[in-house]
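S.K.: Let me see the structure of the following:
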Amino acid sequence: MRSEARADVLHAVDDSRRKRKLTEFENPTMKLTDQEREYALKIKRALEEEDEVLARAISDMEIASYAIVDQGDLERSLERAECMQAFRMDYNISDTVEDGIQVLRTFQELCPGMLLSIDPCTDGDSDNGSHVVVLDLTKNNPLSFLKSPKNFRYAIGGIYYMIRCMQPDLKSVREGYRQILECDGIGWNNLSSKVDQRCIDELLHNLPHRRKSMKILRASPIMLVIGSLMKPFLPKEEYDAIIFGFQNQDATEFPERLDNYFLQPDPEAAFEGLMRKCQSYLTKRAETEKSFKLD
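M.R.: Numbers count the residues shown, from 1 in each chain. Okay, the predicted model is just below:
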């Protein structure tokens, strides 16, 4: 019964060109449209002309992600690329599987029980995103992230690696992801505009990603206030993707708190299972990023 309820919740001619075509045939999730490839190559050439060191540091998969998200806005893509490289240097983000798991585990230590699940979407509707992340915001402890710069690395790095888990290939970048947030019992101590604003300014504003929806379950007046405060700082499409659910609306679809679905009967075993999944997602991302070439 629990497993069923959980399922409901998640619901060319040259050699390089020949190799690229073979790779895409073998892995259609890494395929680009002709227009996306044209955009990506323009970004790559511009990076090589403007900053050769930066161009060597950025993978072709990341460049393709900018092309998919920005749809030909070359200036915006170059700005994103520069800011994301600065982000990695500032927070010592290495993009390795080992670093990702270590950051996610420390995130869990600072906010036990907050990260509940990262899974592929099972409803077959790509318009709703390829993956879903489930979080319990009542377990958020922003003060723990503000105690030291080292701790804040795990707040912003945790978000970065959660999204990276949901972007194992270009298909998932294109389709985006969704969030489900449990808010039953949330208080002001679970929220921090300072942490949220830094994560938006330093990461989410520049990371190539598409958040298709964010469903806030059992939204309290506090969440409505926070939503109105964040509206000026979020792109319109991001704010429009927020869905506020209330007790009477959520009772049918999600009759129990989400931790009852994901953490029972053994929370520690559930988290270890989630870490194994994340290791698999990050390994796939690393492998596709290493093998994908634009030209």
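
S.K.: can you give me the mean pLDDT across the longest helix seen in the chain?
M.R.: Assignment by DSSP state H gives helix 267-291 as the longest helix of the chain. Confidence for helix 267-291, expressed as mean pLDDT, is 96.

S.K.: Check stretch 36-53 too.
M.R.: Averaging pLDDT along stretch 36-53 gives 96.

S.K.: pull the CA atoms of it into PDB?
M.R.: Extracted as PDB, the C-alpha positions of stretch 36-53 are listed here (Å, rounded to 0.1, in the frame of the first residue of the first chain):
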ATOM      1  CA  GLU A  36      20.100  23.800 -30.600                       C
ATOM      2  CA  ARG A  37      23.300  22.500 -32.100                       C
ATOM      3  CA  GLU A  38      23.700  25.700 -34.100                       C
ATOM      4  CA  TYR A  39      23.200  27.800 -30.900                       C
ATOM      5  CA  ALA A  40      25.600  25.500 -28.900                       C
ATOM      6  CA  LEU A  41      28.400  25.900 -31.500                       C
ATOM      7  CA  LYS A  42      28.000  29.700 -31.500                       C
ATOM      8  CA  ILE A  43      28.400  29.700 -27.700                       C
ATOM      9  CA  LYS A  44      31.500  27.400 -27.900                       C
ATOM     10  CA  ARG A  45      33.200  29.600 -30.600                       C
ATOM     11  CA  ALA A  46      32.400  32.800 -28.700                       C
ATOM     12  CA  LEU A  47      33.900  31.300 -25.500                       C
ATOM     13  CA  GLU A  48      37.000  30.200 -27.400                       C
ATOM     14  CA  GLU A  49      37.400  33.700 -28.800                       C
ATOM     15  CA  GLU A  50      36.800  35.600 -25.600                       C
ATOM     16  CA  ASP A  51      38.300  33.400 -22.900                       C
ATOM     17  CA  GLU A  52      40.300  30.300 -23.900                       C
ATOM     18  CA  VAL A  53      40.800  29.200 -20.300                       C
END
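
S.K.: Flag every buried residue along that stretch.
M.R.: For stretch 36-53, burial by neighbour count (16 or more other CB atoms under 10 Å) applies to 36-37, 39-44, 46-47, 51. Glycine gets a C-beta too; all of them are placed from N, C-alpha and C.

S.K.: Could you take the residues you listed and lay them out as a markdown table, with extra columns for distance to residue 107?
M.R.: Below are these laid out as a markdown table (distance: CB to CB, whole Å):
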| residue | distance to residue 107 |
| --- | --- |
| 36 | 32 |
| 37 | 35 |
| 39 | 33 |
| 40 | 31 |
| 41 | 36 |
| 42 | 36 |
| 43 | 31 |
| 44 | 33 |
| 46 | 35 |
| 47 | 31 |
| 51 | 32 |
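
S.K.: All set, thanks.
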